[in-house]
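J.: Build the 3D model from these lines:
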Amino acid sequence: MRFINPKTDFAFKKIFGSEDSKDILISFLNSILYPDNPQIEDLTILNPYQAPKIRGIKDTYLDVKATITGNKTVIIEMQILNIEGFEKRILYNAAKAYSIQLKSGEDYTLLNPVIAVTITDFEMFPHLDKVISRFVLKEKEFLVDYLIYDIELVFVELPKFNTSINELETLTDKWIYFIKSAKTLETVPQTMAQIPELQKAFTIANETTLTPEELEDLEKREIYIYDQRNAIKKAVRLAREEALKQGIEQGIEQGKEESKLEIARQLIGLLDDQTISQTTGLSIEQIQQLRQKQETPS
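T.: Numbers count the residues shown, from 1 in each chain. Predicted structure coming up:
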């Protein structure tokens, strides 16, 4: 068997965002948000899956939105490319989802919590040694929670997850492994096949379930992502090469300048300032400063 890459927008939304995927999404969200005490019993997917038309691709992320137990809104995004301003967009989307709940004139007490779950294929917080991190509003100095924390940002950083297939223990481990590694598998691992929701996710991800048109769109999406990543790598490489080149040139210039100064020091006492200047290329002012330093007792 071959499985489509859950990290692409097409595959992620097909697996987690369709009308038939409620049980999959419930299992996944419980594993990420409430691993010790599952709280989500039901949810409503607010934007049911529709196969995207990838002609003229413009986005590198997806947005699955659902309401869960307690009238909370959850936004789930999968982000492959680390683009400028991404961290601001996450906060903006969460705040927007929070604010649009009210119509003009409605009472603020009607607002319900919003949780933004973001899965990244790059490290968002290199200084944090954890795969899943959660952020809420706190007092800056004493780290006391705000009276309510209706907006919560949850991040799952895939590169930090290095658990092998034989080391998977929790449901959280298995879902993260599925998203990160399903494309590399040829069969459904036994430890994951025992969980109905994961088995169903693998079934949906099986390439044989896709139409030729869907496979073509998926291939174009992956080529686009591959090209974008290579463009970023090339830009970084060229920037480093340019910085190195400038550093070497600067070092050479600094070396030349130091050589001129050393020659000038040797000639002071033997030649006049004008002759030393013509010999070394240093200015009269530089020669005078060197002469003054040598004539001034230390």
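
J.: What is the burial count for the closest residue to residue 196 other than its chain neighbours?
T.: With C-beta to C-beta, 6 or more residues apart in numbering as the criterion, residue 196 has its nearest non-adjacent residue at 7.5 Å, and that residue is residue 23. The C-beta positions use only the backbone N, C-alpha and C, and glycine is treated the same way. Residue 23: 14 surrounding residues under other C-beta atoms under 10 Å.

J.: Who are the contact partners of residue 23?
T.: Going by C-beta atoms under 8 Å, 6 or more residues apart in numbering, residue 23 touches 196, 197, 200.

J.: out of those residues, which one sits closest to residue 143?
T.: Using C-beta to C-beta, residue 197 is the member of those that lies nearest residue 143, at 35.9 Å.

J.: Thought residue 24 was touching that closest one, still the case?
T.: Yes: under the contact definition of C-beta atoms under 8 Å, residue 197 touches residue 24, with a separation of 4.9 Å.

J.: Look up which helix or strand the residue nearest to residue 196 falls in, please.
T.: Per DSSP states H and E: residue 23 is located in helix 22-33.

J.: in the next helix or strand after that helix, what counts as buried?
T.: Using DSSP H and E, the helix or strand that follows helix 22-33 in sequence is strand 43-45. Residues of strand 43-45 classed as buried: 43, 45 (neighbour count, 16 or more other C-beta atoms under 10 Å).

J.: C-terminal to strand 43-45, what's the next element?
T.: Next element after strand 43-45 (DSSP H and E): strand 64-68.

J.: ok, residues contacting that next one?
T.: 12-13, 16-17, 25, 29, 40, 42-47, 73-77, 97.

J.: Repeat the analysis, applying 6 Å as the threshold.
T.: Applying C-beta atoms under 6 Å, 6 or more residues apart in numbering, the set of residues contacting strand 64-68 from outside is 16, 17, 40, 43, 44, 45, 46, 47, 73, 74, 75, 76.

J.: Does the third one touch residue 69 like I think?
T.: Yes: the pair formed by residue 40 and residue 69 meets the contact definition of C-beta atoms under 6 Å, at 5.2 Å.

J.: of the two, who's got more company?
T.: It is residue 40, of residue 40 and residue 69, that has more neighbours when counted by other C-beta under 10 Å, with 19 against 14.

J.: tell me the mean pLDDT over the helix holding residue 23?
T.: What helix 22-33 shows for mean pLDDT is 95.

J.: Could you shift the numbering so residue one becomes 45, and keep it that way?
T.: New numbering, starting at 45: the last item is helix 66-77.

J.: How far off centre is it?
T.: Centroid separation between helix 66-77 and its chain, computed with C-alpha atoms, centre = their mean, to the nearest Å, is 22 Å.
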